[in-house]
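Enquirer: need a structure here:
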Amino acid sequence: MARRRTLRPDEAALWYAVARTARAMHSNGEAVLHGKDEPKVTGTLPVKDPVAPALPVFRLGEKARSNPGHKLAPSPPQALAGAPVQMDAKAYGRMTRGKLLPEARIDLHGLTLAEAHPELNRFILGTHAQGFRLVLVITGKGKAKPDHGPIPSRIGALRHQVPQWLRLPPLGPLVLQVAEAHARHGGAGAYYVYLRRGR
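Expert: Numbers count the residues shown, from 1 in each chain. The predicted structure follows:
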């Protein structure tokens, strides 16, 4: 059986600081210290005052304070609009204005997440192998409203999930840029996916 180790001076000081505040459950309310007398230790850690409550005190009849709101994750279009441009700026401008025609397209609208993910993988891997650069992924607009927060509704799940799938392996290394499609190619219900050149 292993021998019990003794407390280091800093551990003993911490123990006695906590033990000083302990009260026996059925006693007269005096603090009870167990063990030897409290050692005199120099260089102990300072005991901080109890943390103030995070919520301010509320009194009956007082008006409710305004809620500062929650910081929500950006929606997929906001996140894509704020992403840096990785491709040629001139080509990016033409693409977002709908001047570049997609070379291939896939319609995931109406599929479940479990059905859509392998279809998207197959499509992107296949079009990249054929040397295509610009493809269109149609997800549908969904009915997710901004006040629903970062968690998409079931109907808008594809629109939310596709940009994330395009950043992860095996597709991430093949994708250069993702942007919301122009209105003539589906608008908010579709994404342009600009692929890297094959090697």
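
Enquirer: host element of L176?
Expert: Using DSSP states H and E, the element containing L176 is strand 175-180.

Enquirer: please apply the same query to T127.
Expert: Judged by DSSP H and E, T127 forms part of helix 113-129.

Enquirer: next one: V135
Expert: Counting by DSSP H and E, V135 is found in strand 134-138.

Enquirer: and the residue nearest to the spatial centre of the chain, how far is that from A190?
Expert: Central residue of the chain (Cα atoms, centre = their mean): A73, 7.3 Å from the mean position. Taking Cβ to Cβ, to the nearest Å as the measure, A73 falls 21 Å from A190. The C-beta positions use only the backbone N, C-alpha and C, and glycine is treated the same way.

Enquirer: same thing with H182?
Expert: For H182, the distance to A190 equals 9 Å [Cβ to Cβ].

Enquirer: neighbour-wise, which of the two wins?
Expert: Set H182 next to A190 and count neighbours by other Cβ atoms under 10 Å: A190 wins out with 26 against 16.

Enquirer: give me every residue that touches the closest residue to that one other than its chain neighbours.
Expert: For A190, ignoring the flanking residues on the chain, the nearest one in space by Cβ to Cβ, 6 or more residues apart in numbering is A181 at 3.9 Å. Counting by Cβ atoms under 8 Å, 6 or more residues apart in numbering, A181 makes contact with G98, L136, G187, G189, A190, Y191, Y192.

Enquirer: of these, buried ones?
Expert: The neighbour count (16 or more other Cβ atoms under 10 Å) marks L136, G189, A190, Y191, Y192 as buried among the contacts of A181.

Enquirer: helices of this protein, residue ranges please.
Expert: For the chain, the helices defined by DSSP state H cover 9-19, 76-82, 89-96, 113-129, 157-167.

Enquirer: buried set for the longest one?
Expert: Under the neighbour-count criterion of 16+ other Cβ under 10 Å, helix 113-129 has A116, H117, L120, F123, I124, T127, H128 buried.

Enquirer: and those, which is closest to P170?
Expert: I124 (8.4 Å; Cβ to Cβ).

Enquirer: quick one: residues contacting the closest one.
Expert: Here I124 is in contact with V135, L166, L171, L174, V175, V193, L195 (Cβ under 8 Å, 6+ apart).
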